[in-house]
Structure formats: structure tokens, C-alpha cells
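Enquirer: Quick one, what's the 3D model for this:
(chains A and B)
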There are 2 protein chains.
Amino acid sequence: MTPIIQLGLGGVGRALARQMLNVAPKIRRRYGIDLRYVALVDSHGALAGDPALTDTQIHNILAAKEAGQHLDSLSGAITDRHWLELLPATIAIVVDVTAASNHAAPLAAAISAGHRVVLANKRPLCEGFDLFAALTERGATRYEATVGAGLPVISVLQSLIDSGDEIISIEAALSGTLGFLIGELEQGASFAEAVRTAYRLGYTEPDPRDDLSGADVARKALILARTCGMNIPAYAVSAEALFPPALSEISITEFLQRLDEAESEIMSRFQAARANGKVVRYMTRISRDNGIEVGLRELSLDHPLASLRGPDNMISFTTRRYHDRPLVVRGPGAGVEVTAAGVLGDIIATAREL
Amino acid sequence: MTPIIQLGLGGVGRALARQMLNVAPKIRRRYGIDLRYVALVDSHGALAGDPALTDTQIHNILAAKEAGQHLDSLSGAITDRHWLELLPATIAIVVDVTAASNHAAPLAAAISAGHRVVLANKRPLCEGFDLFAALTERGATRYEATVGAGLPVISVLQSLIDSGDEIISIEAALSGTLGFLIGELEQGASFAEAVRTAYRLGYTEPDPRDDLSGADVARKALILARTCGMNIPAYAVSAEALFPPALSEISITEFLQRLDEAESEIMSRFQAARANGKVVRYMTRISRDNGIEVGLRELSLDHPLASLRGPDNMISFTTRRYHDRPLVVRGPGAGVEVTAAGVLGDIIATAREL
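Expert: Below you'll find the predicted structure:
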């Protein structure tokens, strides 16, 4: 059996557990791999099985979580949150589907002990470069879902590098929310209207500034650049925020009211681009020469990213071999089901190596 | 060490051997995998090493092949072409980068003996469905380069399936040559001119009918459909040919002269589409409901494939999870370097499992 410890039982974590229950029998038949949860862990506790959790236990945990109960209220739950102590003697896969910022060091410790890691959580890869190197050494960590959710991005990049190609540049639209906003602006909405619409429809984070600051995009950019081998400290990546600093410390309600203060700056960018026969995209660009750039960019209409409309992600790889025409991946880059599927793909690929 | 036997030393085979020599030290450091050729085999013989070929031997073979020499003229070459007898006692990876049509059974025999297979050669996967099943059982064969060369297509499809997604349809442009021809027609060239240009520039197979018949696209479509689990016999896949049957048995020279006989039929299709505000693409469509369709199709301008210009391949996956907006991969789908890179990616993924 391949033991799995999953950290996180939010939307992605629950979708992953359900997908796992669904596919485990097929994976067993197809690859002879027996994926088993030995523990499910969240900030409220952990539930461990001996030697593994049963399907019934997992169903009960998911039902309880969806009913708003906490793990520590479940019979058999342990409140000790030191999941490292739950790791079995055989090689396990630790799956981090939290957004926690303090997991890098324990995950690196798990790898030192011979275990493997699969991440949807970006933060462990965004601390010091030494920690990134420790986590990814010898391919011990897979992290497809950290960029583009279920889209093949990290695996494509790693495969290009492994086969001896050289990355010249990566150009990408990595935020579905910002893509949606830009689509609304192109259809004539004001910036304030577009943000309020996205907020109302639940397309933004609970605090829309988490999207509009570009901080999440910057994390994805850092992960891509580091995967290319670029030794870049996290503080060196700055994303262009789509609101003025004066709006950063106020309440969400006040922010939504005062969005008009960001209006003229943003709209003038779009008008200038239109006057030049160009479009504006919130773009990530990574290149050997210029490092990481994250922000609004004017693009000519024949640029691969110019054809993008709405919330799709798009990632364009220009390399020594894909030089005249890039390798491009496009599609929805967010959502619990596709994110969980990206994680599950990594789990299966890892398990096939054990 | 991971022993590799490579069948084929044509353009892709030689590019692969050079890439392998280039990356093997990096792969050893990164993954602790020691990729070694134990034999290089082509239709003129085989050269085997004991226990493996040295880098110098491989360089000499490549230089000799590029100078037009045959393997059996090399010192130490063995003329026994039964490569199955060269397989070592430990698990080896057999790499088929030929276009041979008689490899399916021996490759299946190698798999029965516990070895693994990596294919750029489409033909072994296009015989009876039982042979396809025998080759791909338990993921024993990887074949990324058979569709879209180095683009991530098979791995994406397999990952979608493994994670429990359901494939609703795959729509794809899988021929760079036909994409180039259509681009020329859209820019006003006649069909005969476009084919002659493509032939002169070396964009077509030596006999351009090998492209224009759609037979190669049909093989790719069959591989995609079978990967989806569709039990389809090879004879059930028919591609629309872009020339009349009367031109199929004549010489290449005569064919190029008599291309005008195909002209009016093709041009009327393009004119009709234009009149409808649509575009024409040579499209592969695979769906549970309608099986495999390969041929010219009228597409509305908002269809993902409509944005395609020129020789790029594009593959669009619509699934239960990617339902409203598909997962799309796009880029150059042919060429010896990117094809070899696709094969090498499969070799590394396989070796990591051994």
C-alpha cells in the first residue's frame, strides 16, 4: 500500500478525498497501486487509521466537515497536530492542500526522512530558495496544482528542462479573477463595477485585494522561475497592484465603496492601449534576462495572450526548441475539482515511482 | 543502471541519442537514474554494448549513420536483428522510434517479460485493440510523442482519466502540414499551388499523399480514442482524403501535375465556409457518441480551433470538469528535436518508476 497523509480539508481537500475514494479501485487495477489515507489532518486535529482510514471513516469525516463540524469533535480524532509523528515507517506521500505558511520546514523534514510531498499549497515553495531546493531535490516534491490548478504547467516545464531544452521565456496569464475583470473592462464596464460584480459573484477571494494585489500571481511566478533554476528570493518579486496604497489598510466594505479612486489610473491604461491598437493583459513574464515581471502590460494583437478572453489561464513557453512558435497551455486555472485533480495526478505519478 | 534498447536511427532516433548523451549526467544527478544504451538497432543491424554502449561508441554510430554508413559496416556490429535477444535480465526500456509496422507483437512480448516500452512509432498502437491493450496494460508503454510530438497530449489525457474525469470530446488539429496548406488557402493560394509549395519546402512527406490522405492523422485519432478506452478497430477509422481516388495510384511527379483535378472540390468547401462566416479546419473529433471523425469541417469563429493559423497543432479536451471551457494545448506538433524530447520525457518518467 502507498500511505498518504493529507493536510487540509477545505474545498480542495474534500474534493480530493472524494476523487481519491472514487478512483482508488481503478488505480489499483490499472497500476497495481493501493492508495490509502493513513491520516487526514487539519488545523483542528487529525484522524489517523491503523494501518489506514477506512472508506467509511473518510466518508464520515467529509460529511462532518461539510456539516461544519471540526475534526476534534469526531470520535477517534487525535488533537495532536504534529502530523510528522503520524508518518509511517514505509515511504509515505504527504499532500498539502492547505494555504498554511508554516509548512515548509516540516515538509522538508519529511523529505529528509525519505517521504515524498505533493503540494497545492504554494507557500512552502515561496520561502527561501534553500527550502525550495530542499523540497524539490531529486524530484521529491510534485506541485502541479500550484500553478494553473489542473492544467499541465509544472510537469511541462520540468519535462522541457529534463530533456535538455532551454527556457527563453514564459509568458502567462495566471489569474482567472483578473482575467474576468479585464474581460469586463473590455466590454465597457468601469473598474469599480467590474470588481463589485466579481465580488458579488464570488469570483474573488473574500478580500478582493488578495486578487487585485497580484500577490498570488507573484507566488506562481516565483514557483515557475525557481523551477527554471533561477535562484530568486521571494522579496525580489513584486507584482503591480490594481489599487492605490491608500486603499490597502481599510475594511473590505470601505474598499468596495472607494474603488473609484483606482478608476482613472486603470482606465487610462486601457484607453492608451486601445489608442495604440493593443490590448492590456495582467501578465507574468519570466526570462533569463529580465527575471520576473508581474503586472498590466500592453500587448499587440498577435501576441498569444492577446487572444485570451475572460477567466482562462494561459501559459506560453518559448524555448530553444519551441522558438518560432511557443508551446501553449490554456484553460480554467482555478476551481476545487480541477485543482484536486491536479493534486491527484501528482499523487498517482509519485505512487508509481515508489 | 536503467538499460535502454533503441530501435531506429533515423532523424528522430539520432536526435534522441544526442539529447540522451547531453542530459544523462544531469538526470543522474537530479533523479539518481543512470540511463544507458545497451543496444542501438535499426533495419541494418544492431550494436550492443557489454554491459552498455560507451558515449564514444554512440558518437561513432551517429557520425557513421549521418555519413550514410550502415550499422552492419561498423566494427563490432552484430547482424542479428532479433533485438528481443539483446534484452538484459533486468528491466529494460525498449524505445521504438521507427515507423515499422511489424513491431507490435515483439514489443508486447518484451512487456510480457517485464520490460517497459516508449514509442514515437504509432503503428504498434494501431493494430488490433487486444495488442493495444497488451501494450498499455498497467501503463507499461508510454507514447507521448505519437500525438503532437513533444506537446503534452497523451500524458494530459491519461491524467484526466486517471483522476476520474470523463472525456466528453477531444477536438484537434493534428497535422502541421495540413494546417500549413489551409493557412496558404486562406491567404489566397490555390490548392495546387499550396501543395506544390509545401512539397518544395520539404513540409510534406516524400509522397505528399501520405499527408493529404489523412492516414497519419487517423492513426493519431485512433490512439487518442483507444487511450480513452474506446475499443475501436483500426479499419473503422476513415479519414477524408484531400484528393480524388483517381490520383492515388500515379507517380508523385504526375500527382503534383494533376493536382488541379482536386482544386474545385476543395476550393468550393472554403468558399462555402467563407460565405457562412465560418472557417475550414482539418479536424479530428473524438466523442463517446460519434466515435472518431477525421476530415475538413466548417467551424464558427468562436471555436477553439478557428483561432489556429498555420502549422501548429491544437488539442482541445472537453470533459466533465472542463465543460464550459476546454483544456487546450497548442504548439508545433512535428520536428525531430521536439519529437525526440517527447520520447526522452517518457524515458525519464519510466525510469523514475523502475
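
Enquirer: mean confidence score for the helix or strand where A:S268 lies?
Expert: Taking DSSP states H and E as the definition, A:S268 sits inside helix A:260-275. Averaging pLDDT along helix A:260-275 gives 90.

Enquirer: Mind listing what's buried along that helix?
Expert: Residues of helix A:260-275 classed as buried by neighbour count (16 or more other CB atoms under 10 Å in any protein chain shown): A:262, A:266, A:269-270, A:273. Yep, even glycine has a C-beta here, placed from its N, CA and C like the rest.

Enquirer: wait, which of those is closest to chain B?
Expert: The closest of the buried residues of helix A:260-275 to chain B turns out to be A:A273 (CB to the nearest CB; 20.4 Å).

Enquirer: Tell me if I'm right that A:Q6 and A:A15 touch.
Expert: No. The criterion here is CB atoms under 8 Å, and A:Q6 misses it with A:A15 at 11.6 Å.

Enquirer: Those two: who's more crowded?
Expert: Between A:Q6 and A:A15, counted using other CB atoms under 10 Å in any protein chain shown, A:Q6 has the larger neighbour count: 28 against 21.

Enquirer: That one bridge partners, please.
Expert: A:L40, A:V95 (DSSP bridges).

Enquirer: where does it land on pLDDT?
Expert: pLDDT recorded at A:Q6 is 96.

Enquirer: For B:T253, see how far away it is.
Expert: Per CB to CB, to the nearest Å, A:Q6 is found 65 Å from B:T253.

Enquirer: Ok, A:I27 next?
Expert: According to CB to CB, A:I27 stands 55 Å off from B:T253.

Enquirer: When these two are compared, which one has more neighbours?
Expert: Neighbour count, other CB under 10 Å: between A:I27 and B:T253, A:I27 has more, with 22 against 8.

Enquirer: pLDDT on stretch A:203-215, on average?
Expert: Across stretch A:203-215, pLDDT averages out at 89.

Enquirer: Give me the distance from that stretch to the chain's centre.
Expert: 14 Å (CA atoms, centre = their mean, to the nearest Å).

Enquirer: Name the residues of that stretch that come out as buried.
Expert: The neighbour-count criterion (16+ other CB under 10 Å) identifies A:203-204, A:208-209, A:211-214 as the buried residues of stretch A:203-215.

Enquirer: Which one of those is nearest to B:Y37?
Expert: The closest of the buried residues of stretch A:203-215 to B:Y37 turns out to be A:G214 (CB to CB; 47.6 Å).

Enquirer: Next one, pLDDT for A:S238 please.
Expert: As predicted, A:S238 sits at a pLDDT of 89.

Enquirer: Hmm, A:T90 is touching A:D34, no?
Expert: No. A:T90 is not in contact with A:D34 according to CB under 8 Å; the separation is 11.9 Å.

Enquirer: For chain A, which segments count as strands?
Expert: Using DSSP state E, the strands of chain A run over residues A:2-7, A:35-42, A:45-48, A:93-96, A:116-119, A:141-142, A:167-173, A:278-287, A:291-300, A:313-319, A:327-331.

Enquirer: Deepest-packed of those strands, please.
Expert: strand A:93-96 (a mean of 28; mean count of other CB atoms under 10 Å in any protein chain shown).

Enquirer: Check the offset of that strand from the chain's centre.
Expert: Per CA atoms, centre = their mean, the centroid offset for strand A:93-96 relative to its chain is 15 Å.

Enquirer: and if you look at stretch A:140-158?
Expert: Worked out by CA atoms, centre = their mean, stretch A:140-158 lies 9 Å from the chain centre.

Enquirer: Same question for stretch A:183-192.
Expert: 26 Å.

Enquirer: do stretch A:220-232 as well
Expert: 14 Å.

Enquirer: Next up, the contacts around the residue nearest to A:H323 when sequence neighbours are not counted.
Expert: If the residues on either side of it in the chain are set aside, A:H323 comes closest to A:I168, at 7.1 Å by CB to CB, 6 or more residues apart in numbering or on different chains. Counting by CB atoms under 8 Å, 6 or more residues apart in numbering or on different chains, A:I168 touches A:287-288, A:318-320, A:323.
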